[in-house]
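Chemist: Okay, sequence plus prediction incoming.
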Amino acid sequence: MIYNRDNPFTAHLKFRKRINGQESDKNVQHLILDIGNSGMSYECGDWIAILPKNNEKEVTEILCLLGLAPEMQVNVSFLNEKISIFSALKEYLCITNLSDQFWKWFAETRTNSDMNSFIIDKILSPDPECQAWAKSYSLLEILKKFGGHFKIEPDELVSKLRRLMPRLYSIASSPLADRDEVHIVVGVVSYTNAIGNRRNGIASHYLAHGVHIGEGVRIFIVNSMFALPTSAESNIIMVGPGTGVTPFRGFLQERQCIKNRGNKVGKSWLFFGDRHCATDFLFREELLTFKGSGILTNLDLAFSRDQGNKIYVQDRIWERREELWSWISNGAYVYICGNASPMAIDVENAFKRIAMEVGNFTEDQTSEFFKSLKDNRRYQKDVY
């Protein structure tokens, strides 16, 4: 069976636990999904695609403001059957980041003077910042703003809303440890939008609060090029601050399983960091266990706010430059996972600085060397 966006597998939530401290200003959850009997397979470094659902309370409020019965049947273009408008808005359509098609339709068909002023002054403004502000409104927020001025045909509404897209999460487990499970790590997103309203991340809040243990989550596997070396005896260097540590938990599980089967594995080096050691050291016990068993050869930590001067993973990389250069010169693979900017940029600059100052490379030689590493899959990034 091939699973994809149009044909997802319903995995059941087996486990969910917050893995950072309650005092942390972040909320990070570890989830386990049951994929037994699905026939799905994955490798370390792959992603799991989650098809989230919108907040039920928000959908109910939208329908109430529009005066539409939840059971009313509508056509959704990418489905082959009619479904209730409640299901359409909850499970299939995006009700937060409204499409340009929606705003064009909104501008062309609304006749209320207040709405027309909003359209002309904000949405159709030549000022990009003004447009961005106006377009930050969700469907619920725009309905609340204009109250009962909306008279909308249900089929017309759903035709103007974009499809709710899957969200990709790095897999935090190895299939060698348990082929019937997929582990993920979810940083719960919450922020204030441009108009001053609190907004929650759709997928992260759905996974953290909207689905209960034993309930189903629609998923499919997305293969990645972010993969362990073909030879388990190759040395690896992993840089994964914050939730960037996610795939490396799978890497280390994989190597532990290989070692437990009596096979040799190469050395592994992890650079992990976050804000505070006491509250943000994700998978602390597991990583320390990997270190104790020898699967994790080196573990370098950077907790940026535990001292007066901020220390980041790139600072630890520079501190260990001599040994790191020895590893890289002797064939080690380098992996970086986490924020594309500035983390991944700063980390790559640190490695390039090592090549120039420890390896005595010129700038041109350094560029050519890193191009060669990337071409040979010895320098891989999974960044977002």
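Modeler: Arrived safely, thanks for sending. Numbers count the residues shown, from 1 in each chain.
Chemist: what does the domain assignment say about the chain?
Modeler: Under the assignment automatic domain parsing, the domains of the chain span 9-51+166-222, 56-160, 236-383.
Chemist: Let's have the ones you listed in JSON lines, adding distance to residue 3, mean neighbour count and mean pLDDT.
Modeler: Yep, even glycine has a C-beta here, placed from its N, CA and C like the rest. Listed next are the domains of the chain as JSON lines, based on distance: least, CB to CB, whole Å; neighbours: other CB atoms under 10 Å; pLDDT from 0 to 100:
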{"stretch": "domain 9-51+166-222", "distance to residue 3": "4", "mean neighbour count": "18", "mean pLDDT": "96"}
{"stretch": "domain 56-160", "distance to residue 3": "16", "mean neighbour count": "15", "mean pLDDT": "84"}
{"stretch": "domain 236-383", "distance to residue 3": "20", "mean neighbour count": "18", "mean pLDDT": "97"}
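Chemist: which ones are touching residue 32?
Modeler: If you count contacts by CB atoms under 8 Å, 6 or more residues apart in numbering, residue 32 has them with 13-16, 181-183.
Chemist: From residue 43, how far off is the closest residue to it other than its chain neighbours?
Modeler: Nearest non-adjacent residue to residue 32, counting by CB to CB, 6 or more residues apart in numbering: residue 15, 4.0 Å away. From residue 15 across to residue 43, the span is 22 Å (CB to CB, to the nearest Å).
Chemist: now do residue 133
Modeler: Distance from residue 133 to residue 43, by CB to CB: 43 Å.
Chemist: what packs against the top helix by length along the chain?
Modeler: Taking DSSP state H as the criterion, the chain has its longest helix at helix 246-260. If contacts are counted by 3 or more CB pairs under 8 Å, 6 or more residues apart in numbering; DSSP states H and E, helix 246-260 sits against strand 167-170, strand 181-187, strand 236-239, strand 268-274, helix 284-293, strand 333-338.
Chemist: and residue 220, which of the three is it?
Modeler: strand (DSSP: H, G, I helix; E, B strand; the rest coil).
Chemist: who's in contact with it?
Modeler: Here residue 220 is in contact with 3-5, 7-9, 40, 48-49, 166 (CB under 8 Å, 6+ apart).
Chemist: Point to the residue nearest the middle of the protein.
Modeler: Nearest to the geometric centre of the chain sits residue 169, at 4.6 Å (CA atoms, centre = their mean).
Chemist: what does stretch 6-15 contact?
Modeler: With contact meaning CB under 8 Å, 6+ apart, stretch 6-15 is reached by 1, 3, 30-35, 38, 40, 49, 51, 78, 181-182, 211-220.
Chemist: repeat that with 6 Å
Modeler: Contacts with stretch 6-15, where a contact means CB atoms under 6 Å, 6 or more residues apart in numbering, come from 3, 32-35, 38, 51, 211, 213-220.
Chemist: that older thread, kindly reformat the helices and strands packed on helix 246-260 as JSON lines containing distance to residue 366.
Modeler: Below are the helices and strands packed on helix 246-260 laid out as JSON lines (distance: least, CB to CB, whole Å):
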{"stretch": "strand 167-170", "distance to residue 366": "29"}
{"stretch": "strand 181-187", "distance to residue 366": "33"}
{"stretch": "strand 236-239", "distance to residue 366": "17"}
{"stretch": "strand 268-274", "distance to residue 366": "20"}
{"stretch": "helix 284-293", "distance to residue 366": "31"}
{"stretch": "strand 333-338", "distance to residue 366": "14"}
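Chemist: Let me know which of these is the nearest to residue 247.
Modeler: Of all these, strand 167-170 sits nearest to residue 247, with 4.5 Å by CB to CB.
Chemist: Within its sheet, name the partner strands of the closest one and how each one runs.
Modeler: strand 47-51 (antiparallel) (DSSP bridges).
Chemist: The strand it pairs with to strand 181-187, inter-axis angle?
Modeler: With axes from the mean of the first three to the mean of the last three CA atoms, to 10 degrees defining the directions, strand 47-51 sits at 70 degrees from strand 181-187.
Chemist: tilt between strand 47-51 and helix 246-260?
Modeler: Going by the same axes, to 10 degrees, strand 47-51 makes 130 degrees with helix 246-260.
Chemist: can you give me how far strand 47-51 is from the chain middle?
Modeler: Relative to the centre of its chain, strand 47-51 is centred 9 Å away, using CA atoms, centre = their mean, to the nearest Å.
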